[in-house]
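Asker: starting from these lines, generate the structure:
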Amino acid sequence: EAENVAVSEFLIARKDQLIFYNSIHSYSQLILLPWGFQNTPPDDYDEMYALAMKGSDALTAVHGKTYETGCIPCMLYIASGSSTDWAHGEAGIRFTTSMELRDTGSYGFLLPAEQIIPTAEETWAFHITVIRELMTAP
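Answerer: Next up is the predicted model:
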(Lines give C-alpha, C1' and ligand atoms only; values in the text may rest on other atoms or scores of the structure.)
Protein backbone atom coordinates (compact mmCIF):
# COMPACT_ATOMS: atom_id res chain seq x y z
CA GLU A 1 0.00 0.00 0.00
CA ALA A 2 1.19 3.50 -0.82
CA GLU A 3 0.64 4.69 2.75
CA ASN A 4 2.84 1.95 4.21
CA VAL A 5 5.61 2.74 1.76
CA ALA A 6 5.40 6.46 2.54
CA VAL A 7 5.52 5.91 6.31
CA SER A 8 8.39 3.40 6.11
CA GLU A 9 10.41 5.75 3.88
CA PHE A 10 9.71 8.65 6.24
CA LEU A 11 10.88 6.64 9.26
CA ILE A 12 13.98 5.23 7.56
CA ALA A 13 15.02 8.70 6.40
CA ARG A 14 14.87 9.91 10.02
CA LYS A 15 15.76 6.75 11.94
CA ASP A 16 18.81 8.34 13.57
CA GLN A 17 16.57 11.06 15.03
CA LEU A 18 13.78 8.82 16.34
CA ILE A 19 13.69 7.25 19.80
CA PHE A 20 10.01 6.30 20.13
CA TYR A 21 7.37 4.75 17.89
CA ASN A 22 3.79 3.93 18.89
CA SER A 23 1.13 2.35 16.73
CA ILE A 24 -2.23 3.22 18.30
CA HIS A 25 -5.36 1.09 17.94
CA SER A 26 -8.56 0.33 19.80
CA TYR A 27 -9.67 -1.47 21.88
CA SER A 28 -8.57 -3.63 24.87
CA GLN A 29 -6.41 -1.37 27.06
CA LEU A 30 -3.09 -3.01 26.23
CA ILE A 31 0.50 -1.82 25.85
CA LEU A 32 2.12 -4.30 23.47
CA LEU A 33 5.85 -4.73 22.95
CA PRO A 34 7.93 -6.56 20.31
CA TRP A 35 8.27 -9.14 19.05
CA GLY A 36 4.91 -10.06 17.63
CA PHE A 37 6.14 -12.56 15.05
CA GLN A 38 7.66 -14.98 17.57
CA ASN A 39 7.55 -15.94 21.23
CA THR A 40 11.22 -15.01 21.82
CA PRO A 41 11.47 -11.35 22.89
CA PRO A 42 14.16 -8.97 21.61
CA ASP A 43 17.38 -8.68 23.60
CA ASP A 44 16.30 -5.32 25.04
CA TYR A 45 12.82 -6.49 26.06
CA ASP A 46 13.41 -6.04 29.81
CA GLU A 47 14.46 -2.42 29.27
CA MET A 48 11.43 -1.77 27.05
CA TYR A 49 9.11 -3.46 29.55
CA ALA A 50 10.41 -1.35 32.45
CA LEU A 51 9.95 1.80 30.42
CA ALA A 52 6.46 0.74 29.30
CA MET A 53 5.52 0.14 32.93
CA LYS A 54 6.61 3.68 33.87
CA GLY A 55 4.40 4.96 31.07
CA SER A 56 1.59 2.68 32.19
CA ASP A 57 1.83 3.98 35.76
CA ALA A 58 1.60 7.57 34.47
CA LEU A 59 -1.38 6.62 32.32
CA THR A 60 -3.20 5.02 35.25
CA ALA A 61 -2.53 8.05 37.46
CA VAL A 62 -4.62 10.27 35.16
CA HIS A 63 -8.05 8.57 35.33
CA GLY A 64 -7.43 5.28 37.10
CA LYS A 65 -7.62 3.10 33.98
CA THR A 66 -5.20 0.18 33.80
CA TYR A 67 -3.58 -1.15 30.67
CA GLU A 68 -1.98 -4.58 30.70
CA THR A 69 1.59 -4.56 29.43
CA GLY A 70 3.64 -7.27 27.72
CA CYS A 71 4.87 -8.76 24.48
CA ILE A 72 2.35 -9.18 21.67
CA PRO A 73 2.17 -13.00 21.80
CA CYS A 74 2.17 -12.91 25.62
CA MET A 75 -0.93 -10.72 25.63
CA LEU A 76 -2.69 -11.83 22.43
CA TYR A 77 -1.18 -14.22 19.89
CA ILE A 78 1.67 -14.39 17.40
CA ALA A 79 1.07 -11.65 14.85
CA SER A 80 3.55 -11.17 12.05
CA GLY A 81 3.88 -8.00 10.02
CA SER A 82 3.36 -5.47 12.80
CA SER A 83 4.75 -1.98 12.34
CA THR A 84 5.98 -2.15 15.93
CA ASP A 85 8.28 -5.04 15.05
CA TRP A 86 9.43 -3.36 11.84
CA ALA A 87 10.13 -0.03 13.56
CA HIS A 88 12.26 -1.74 16.23
CA GLY A 89 13.97 -4.39 14.12
CA GLU A 90 14.43 -2.72 10.74
CA ALA A 91 14.34 1.01 11.49
CA GLY A 92 16.24 0.52 14.76
CA ILE A 93 13.96 2.75 16.82
CA ARG A 94 14.89 2.20 20.45
CA PHE A 95 11.42 1.97 22.03
CA THR A 96 8.46 0.75 20.04
CA THR A 97 5.03 -0.21 21.19
CA SER A 98 1.51 -0.73 20.01
CA MET A 99 -1.29 0.49 22.24
CA GLU A 100 -4.84 -0.77 22.27
CA LEU A 101 -6.81 2.09 23.80
CA ARG A 102 -10.11 2.02 25.76
CA ASP A 103 -12.18 0.14 26.48
CA THR A 104 -12.08 -3.52 27.48
CA GLY A 105 -15.13 -4.59 25.49
CA SER A 106 -18.22 -2.89 26.86
CA TYR A 107 -18.32 -0.44 23.96
CA GLY A 108 -15.72 -1.97 21.64
CA PHE A 109 -14.97 0.28 18.68
CA LEU A 110 -17.87 2.61 19.53
CA LEU A 111 -16.33 4.41 22.48
CA PRO A 112 -18.76 6.97 23.99
CA ALA A 113 -17.87 10.57 23.20
CA GLU A 114 -17.36 11.42 26.87
CA GLN A 115 -14.46 8.91 27.02
CA ILE A 116 -12.53 10.32 24.05
CA ILE A 117 -10.81 13.23 25.84
CA PRO A 118 -9.98 11.17 28.97
CA THR A 119 -8.48 8.48 26.73
CA ALA A 120 -6.34 11.11 25.01
CA GLU A 121 -5.24 12.57 28.35
CA GLU A 122 -4.07 9.24 29.73
CA THR A 123 -2.39 8.31 26.45
CA TRP A 124 -0.60 11.67 26.45
CA ALA A 125 0.66 10.95 29.98
CA PHE A 126 2.09 7.63 28.73
CA HIS A 127 3.83 9.36 25.82
CA ILE A 128 5.28 12.21 27.88
CA THR A 129 6.63 9.83 30.52
CA VAL A 130 8.24 7.48 28.00
CA ILE A 131 9.76 10.30 25.95
CA ARG A 132 11.20 12.06 29.03
CA GLU A 133 12.76 8.81 30.19
CA LEU A 134 14.25 8.15 26.75
CA MET A 135 15.62 11.67 26.43
CA THR A 136 17.37 11.53 29.81
CA ALA A 137 18.71 7.98 29.44
CA PRO A 138 22.38 7.47 28.62
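Asker: all strands for this structure, in order.
Answerer: 20-26, 30-33, 68-71, 95-101 (DSSP state E).
Asker: columns mean pLDDT, mean neighbour count and distance to M48 on top of these, output as a markdown table?
Answerer: Every residue, glycine included, has its C-beta placed from N, CA and C. Output for the strands of the chain, formatted as a markdown table (pLDDT from 0 to 100; neighbours: other Cβ atoms under 10 Å; distance: least, Cβ to Cβ, whole Å):
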| stretch | mean pLDDT | mean neighbour count | distance to M48 |
| --- | --- | --- | --- |
| strand 20-26 | 96 | 16 | 11 |
| strand 30-33 | 98 | 24 | 5 |
| strand 68-71 | 97 | 18 | 9 |
| strand 95-101 | 97 | 23 | 6 |
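Asker: I'd like these as a markdown table, with distance to R132 appended.
Answerer: As requested, the strands of the chain are exported to a markdown table (distance: least, Cβ to Cβ, whole Å):
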| stretch | distance to R132 |
| --- | --- |
| strand 20-26 | 11 |
| strand 30-33 | 17 |
| strand 68-71 | 18 |
| strand 95-101 | 12 |
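Asker: E3 is nearest to which of those strands?
Answerer: Closest approach to E3 among these (Cβ to Cβ): strand 20-26, 13.0 Å.
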